[in-house]
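could you look at this predicted model? Sequence included:
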Amino acid sequence: MAGETGEAQLQVRFITKQEQYAISDSPYAIQSNVQSVELNTLLNALLKENRPSFEKSVEFDFLICGELLCTSIAEHLQEKGLSTEDTLEIEYLERFPAPSPQDCLMHDDWVSAVHTHGSWILSGSYDNSIHIWNTKGQHKLAIPGHTSPVKAISWVSFNGDQAIFASGSHDQSAMLWVWNVSGNSVDCVVTCRGHEKGVECLAVSADAKSFATGSWDTNICLWSTSLSDEDNVPAKKKQKPDQGNTREPMTVLKGHREAVSGVQWMDFNTVVSSGWDHLLKIWDCELGGIKQDIAGNKAFFDVDWSPLSNSLITASSDRHIRLYDPRSTDSIVKTTFTSHTGWVQSVRWSKTRDTLFLSAGYDGFVKLWETRSPKTPLYDLSGHEDKVLCCDWSNPTFLVTGSCDNTLRIFKSKHATGNA
Amino acid sequence: MPPYKAGLKRKVISDKKSDSDIEEKDSNSDNEVEDLLQGDLDKESDATDSEHEQEDAGSDGERDEVLFDDSADSLLEEDQQSEESLEESSDLSDSEDNDSGDSADDDESQPESDEEESADSGAETGTAPSASGSSDESNKKNQVLKKDNEKSNIKQAPTKKKAVKQRQKKKMSSIDVLANKIQEAKVSTEPVQQKDEYESGDTSDEEDRVNTAGEVPMWWYNEYPHIGYDLDGRRLIKPPQRDHIDEFLKKCEDPEFWRTVRDPSTGQDIVLSKEDLQMLERLRQSRVPSATHDEYEPWVEWFSREVLATPLRAFPEHKRSFLPSRSEQKQISRIVHALKMGWTKTRKQIADERKKKKERQFYNLWGAGEAGEAGEARAPRSLPAPRRALPTHAESYNPPPEYLLDRREMKEWDKLSETPWKRKYTFLPTRHASLRDVPAYPRYVRERFLRCLDLYLAPRAIKMRLTINAEDLVPKLPSPRDLQPFPTSEVLRITGHEALVRSVDFDPSGQYIVSGSDDGTVKVWETSSGRCLRTVRLGAGVARVAWTPALGLSLVAVALGRRLLLLNPGADIGAHRVAADTDALLAEPPPAHDVLMDERTSSCVQWEVVDAEQWARGVRVAVAHFKPVTHVAWHARGDYVAVTLAEGAARAVVVHQLSRRRSQLPFRRAKGLVQCAVFHPHRPLIFVATQRVVRVYDLVKQELVRKLQTGAQWISAIAVHPAGDNLLVASYDRKLVWFDLELSARPYQTLRLHGGAVRSVAFHRRYPLFASAGDDRYLVVAHGMVYNDLLQNPLLVPLKQLPGPERCGELCVLDVRWHPAQPWLLAAAADNTIRLYA
């Protein structure tokens, strides 16, 4: 049977949205058992034929019916339930190049949170400390300050020599730090107290004026990132001289019934949060109310929102990553990505490509996904020897992951600037 | 008939007609109601009238026939005809008037009867014979009128159909029609008779001159100037006597002379009125003096052999005649009931039956198949006779040559002539040239007979074949796929202990796990990552850990040898405020006079003073017992801890109260080897598991509520459903026993899901799940749905065998716990790990 299908001829036509690789619109007859490798060679030959200037061979990915081709065309079509009689349109695009492992930064304890900005990497660890590294792997600073494991961390802003970052910890507080880059000195400016249990997640808004924290006490608190107290703390609160740097939350968003595990800003006024109560909630920060509820059937561990594709990806207490469209009124999962063998702890969208995202799982793998390929990830980034707790793709060049094996790994993506 | 009479009659009748026309419809509709109201006697009177009426009806019918013919061309001449008919009817009444004897007293009697009628309806039922007689008179008149009216009505009827209908109606119930007539007549009498009153000839004007002389010859007064005396006794002076000349002159002058007579009693001249003259005329003709009298009225029979319009006796009706009799009602209801139940039969039914019995009964030979009749429903089903085998080629008249017997076969055939049943055929295959040559079959009758014998003597029966699949015998359980969520795989393996983990527990929010191990440590872990957050070294093997269910407290009960320790796991675990509150609460023991324990209790329980070094390690309360602690269970409110001591006999169960630092021994006598004691989730009950029996005690009333016979050899653990009505008992002999406490003290279901001793069992607090684990490699997750509906039994569906840790020696899994909110299962394994399944 397989042999028969292998014999079959297919009429295909190649189309692309990337102009530099455009070829003529004529249909080709190919064997139906070819895979993307053969298609690649065919396409490269065609390109070379058309343009003499084209020398370096390019790797392509092929989309058939909006899904990435991973098996042979015949199998793909069978899966999709399409006939092999019609002329098939195969869209091709330049393949996202494989990220290469660049560095492994050793910590003293589990790495629970990581964030990059430019060439600076911030990592939080279970030994209550925060570390600053540069992307070349140099350890700049170890910052003790929290009294419990740091669970969330994020850069707030870079302003010349002064960099601000925020950290949330299980000691029920979030801290706002100022790092003098050239002097390499750090100072805890504000301690944000308002949560009754450990802070689990933290996100800074796009305008860097405020940040949100989610906690085990089921609340989400919104805080100001301004370094001076005067403008946003009420007068009566200032009368605590012993805790001069303490700050109260601007807004407390109450609504989750279990721990808040992930929080992300959608725009200046909207926050999306994921909880252990199987709910995704979209909040209006001004009004402090819930705009939308999306119900899942597993506890959510993380959520990320991409402004490019306007969709949410979630990690939950099973092997699957789920893609939600917050604009659709019903909470139907648009796509389920299944490849991890353990819980997925963290998911992050690419900042530049609307179809790529990164996931970190308890199976020790970090996976790079293409949204159009729900069964197979583009790449498995291996290297970690234990549960991967966090991942970050804020800098499009570097994929950073932190794990229970006390390491933070940096993968470099070569061609991250490729247009979407 | 003289014309003046007819004119008079018409006048009266026209009045009556106008009234009765209006009232006819009303009375028709009212008729039935009145019938009902008037009761029995009225009916009687109807009945008495009926015969007469039937005759009438008959004649009516005939008359109608005639009228019907008239009606075709009479639409235009309506008025004339009606007048004619009136005349006819008056003629009729005249003719009959001769027969009625007492018609003369009409004038006096009618007003009376009218008064009576208007006064009470009793008059209608004929209470007073005389009155009724007179009313009958008026009735007669009215009836006549009525008939006339009807006639005119019929004539007015535009189509044949209507007329026919009316006629039919009349024929059908002429009695009713008569009754109607009577009713109408009664209603319409009143105005007519009022008129009569005014017409009466007696005028009071004449009465002022009344002679009271009496019946004396008038010539006695010839010599006197007066002629008699008036009412006051004054002399009545004779009017001036006229002589013959005067008479003559008057005769010439007075035109009224011819009708003037002298009243001999008063001596006055009286001019006769026209009526008087008419009366004289009638008398002279020897007819009835009254002009109003209708001699030919139809005779209404009111008293005869058949008709009794007026009763012979005019007693007022007894009350019971118009009140329904209760005893009769009872009797009737009894009869009706008996009829309904078929105990008695009506005469008609009896007659029918008798008739049926008289008819000849035939046995329904062919109706056996009809299941319609009740008697034959039970008859055995007819079994079709087995078919005979079709004739073979050998039986053909012209069989193929191979079927014909050759010589050798023929010899054999002949040899078997003594025992013909051993032959190959029962017949000899023979060849005939054509069908015409086939002779009569000699054995035909015999073979038919044998066949009949076969059918008759060989009993046949239908064999009912049951097809039962093995799958059908297994109870239908929902597919596990529909009962999600439940844990399906191991997601976290938490390592860190150096010896087997005896016990694990979640904190109330599910954020942390506490575990106690044989290596003498209690560790607190983060659930989501499996990170060890805190280790408390206690120096001896920890038998049991249990996190307090109270949200406002941060306490872990630890069974450590003979001691029960309550640890505060520390500031960074859970909320700071809660930890601080707990510390503040437990820092100072309550005053000693509050702590009152009897001697028996104090001999086995000792609340220790926690020193600073222990306090720093997290120990907040320590209680020493006289025997090793094997089991610890919190009360749902977190104030009480039930502790089970090994070999404690009667003092095996101790209940500690934290707030008052006090202990109680709830039981006086040992009932067996106590395995564990668990509180009911919301009622003051305690479940105490001994070796084979679980006893339920009420702690308030201090009495045994229930004794559950588990049927297990040695109970290892029990778990109470969060709703409190169901109980799971795990035993070392591989059994898991579910008790529905509402149902009975016997096991609702015994599950044998394990290959080894079951050591631990747990209910999920939110999901309908329970899990058990023991010495075999598998943890069993099952769906245990408890319904609020008391009629519905719990639904138990084993869902999943989760592959557990490898066996270490004899042990495998020592404890299982459910996450308080998520469908996650935690297992304490003997290979020093803790495993989280989700």
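Arrived safely. Computed from a prediction, not measured in an experiment: that's the story for all the values here. Numbers count the residues shown, from 1 in each chain, chains lettered A, B, ... in the order given.

can you say which helix or strand has the residue minimising distance to the centre of chain B in it?
In chain B, the C-alpha nearest the mean C-alpha coordinate belongs to residue B:340, at 19.7 Å (Cα atoms, centre = their mean). Residue B:340 is located in helix B:326-341, with elements delineated by DSSP states H and E.

go on, residue B:585?
Element membership of residue B:585 [criterion: DSSP H and E] is helix B:576-587.

what's next to that helix, contact-wise?
Contact with helix B:576-587 is made by A:172, A:196, B:551-555, B:566, B:568-571, B:573, B:620-621, B:658, as judged by Cβ atoms under 8 Å, 6 or more residues apart in numbering or on different chains. The way it works is simple: take the backbone N, C-alpha and C, and place the C-beta from them, glycine included.

pLDDT score for the residue nearest to the centre of chain B?
As predicted, residue B:340 sits at a pLDDT of 92.

residue A:302 too?
Reading off the model, residue A:302 has pLDDT 94.

what sits against it?
With contact set as Cβ under 8 Å, 6+ apart, residue A:302 has these partners: A:201, A:261, A:262, A:274, A:314, A:315, A:344, A:345, A:346, A:347.

near chain B, list only the ones from these.
A:261, A:345 (Cβ under 8 Å from any Cβ of the partner chain).

export the contacts of residue A:302 to JSON lines and tack on neighbour count?
Shown next, in JSON lines, are the contacts of residue A:302 (neighbours: other Cβ atoms under 10 Å in any protein chain shown):
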{"residue": "A:201", "neighbour count": "26"}
{"residue": "A:261", "neighbour count": "27"}
{"residue": "A:262", "neighbour count": "24"}
{"residue": "A:274", "neighbour count": "30"}
{"residue": "A:314", "neighbour count": "25"}
{"residue": "A:315", "neighbour count": "27"}
{"residue": "A:344", "neighbour count": "29"}
{"residue": "A:345", "neighbour count": "25"}
{"residue": "A:346", "neighbour count": "24"}
{"residue": "A:347", "neighbour count": "28"}
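
inside helices: which ones of the contacts of residue A:302?
Taking DSSP state H, every one of these sits outside helices.

so which pair among the contacts of residue A:302 is furthest apart in space?
Across these, no pair lies farther apart than A:201 and A:344, at 14.9 Å, counting by Cβ to Cβ.

give me the element residue B:603 is part of.
Here residue B:603, judged by DSSP H and E, is contained in helix B:599-604.

list of residues touching that helix?
B:625, B:626, B:627, B:645, B:648, B:651, B:654, B:663, B:664, B:665.

alpha carbons only: can I get the one helix or strand residue B:616 maps to in CSV?
Assigned by DSSP H and E, residue B:616 belongs to helix B:612-617. Provided in CSV are the C-alpha atoms of helix B:612-617 (Å, rounded to 0.1, in the frame of the first residue of the first chain):
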residue,chain,number,x,y,z
ALA,B,612,14.2,27.0,73.3
GLU,B,613,16.2,24.7,71.2
GLN,B,614,13.2,22.7,70.1
TRP,B,615,11.3,25.9,69.6
ALA,B,616,13.9,27.1,67.3
ARG,B,617,13.6,23.9,65.3
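
point out the residues in the stretch 551-700 of chain B that sit beside chain A.
Contact residues (Cβ under 8 Å from any Cβ) of the stretch 551-700 of chain B with chain A: B:572, B:574, B:575, B:576, B:577.

now that we have those, which one has the most neighbours?
residue B:574 (27 neighbours; other Cβ atoms under 10 Å in any protein chain shown).

check contacts around that one.
So residue B:574 contacts A:197, B:507, B:509, B:511, B:512, B:554 (Cβ under 8 Å, 6+ apart).

for it, which three-state class applies?
For residue B:574, the assignment made with DSSP: H, G, I helix; E, B strand; the rest coil gives coil.

distance of it from residue B:469?
Separation of residue B:574 from residue B:469 (Cβ to Cβ, to the nearest Å) stands at 56 Å.

so what's the nearest residue to residue A:321 once chain neighbours are set aside up against?
In space, and not counting its chain neighbours, residue A:321 is closest to residue A:337: 4.1 Å by Cβ to Cβ, 6 or more residues apart in numbering or on different chains. By Cβ under 8 Å, 6+ apart, the contact list for residue A:337 reads A:320, A:321, A:322, A:323, A:359, A:369, A:374, A:377.

count of neighbours near the residue nearest to the last one when sequence neighbours are not counted?
Sequence neighbours aside, residue A:367 is the residue nearest to residue A:377 in space, at 4.0 Å (criterion: Cβ to Cβ, 6+ apart). Around residue A:367 sit 25 other residues, with neighbours defined as other Cβ under 10 Å.

having no further points to raise, I will conclude here.
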